[in-house]
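Student: model the following, please.
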Amino acid sequence: MLLKALKVTALVALDVLFEDTENKKTEQDEFIDEHNDGTGNVNFFGDEYTEQEAKDAYDRGEFYY
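Tutor: Here you go, the predicted model:
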């Protein structure tokens with residue numbers, strides 16, 4: 001029983017270590033994609049930002065609901 005528990009723990013640990021994080025989007029990227037107008041600008045409640053401005057504003061915590 002102990003051996004099975006160790007195997008499961010090892011498999012979970014290996015899965016976490018080798019997880020493909022390259023294709024996952026961050027919360028910031030998901031936010032920008034959600035409010036993107038399709039031309040590289042971000043529209044958040046009527047305010048227009050370039051993508052870089054939106055990333056900087058997101059980092060400063062200016063976007064909240």
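
Student: from now on I want contacts and neighbour counts done on CA atoms only, so please keep to that.
Tutor: Fine.

Student: where in this structure is pLDDT low?
Tutor: Applying pLDDT under 70 to the chain flags residues 20-23, 65.

Student: now the helices: where do they sit in it?
Tutor: 2-17, 27-35, 51-60 (DSSP state H).

Student: which of the ones you listed sits closest to Phe44?
Tutor: For these, the distance to Phe44 is smallest for helix 27-35, at 6.2 Å, taking Cα to Cα.

Student: and the closest one, what's buried?
Tutor: 31-33 (16 or more other Cα atoms under 10 Å).

Student: nearest to Ala5 among those?
Tutor: The shortest approach to Ala5 among the buried residues of helix 27-35 belongs to Phe31, at 39.3 Å (Cα to Cα).

Student: separation between the closest one and Phe63?
Tutor: Using Cα to Cα, to the nearest Å, one gets 9 Å for the distance from Phe31 to Phe63.

Student: cool, and Asp56?
Tutor: 10 Å.

Student: can I get stretch 39-46 in PDB? Just the C-alpha atoms.
Tutor: C-alpha atoms of stretch 39-46 as PDB (Å, rounded to 0.1, in the frame of the first residue of the first chain):
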ATOM      1  CA  THR A  39      -6.400  46.200 -34.100                       C
ATOM      2  CA  GLY A  40      -3.800  46.000 -31.300                       C
ATOM      3  CA  ASN A  41      -5.700  48.300 -29.000                       C
ATOM      4  CA  VAL A  42      -7.400  47.400 -25.700                       C
ATOM      5  CA  ASN A  43     -10.700  49.000 -24.900                       C
ATOM      6  CA  PHE A  44     -11.600  48.800 -21.200                       C
ATOM      7  CA  PHE A  45     -14.800  50.600 -20.300                       C
ATOM      8  CA  GLY A  46     -14.400  53.200 -23.000                       C
END
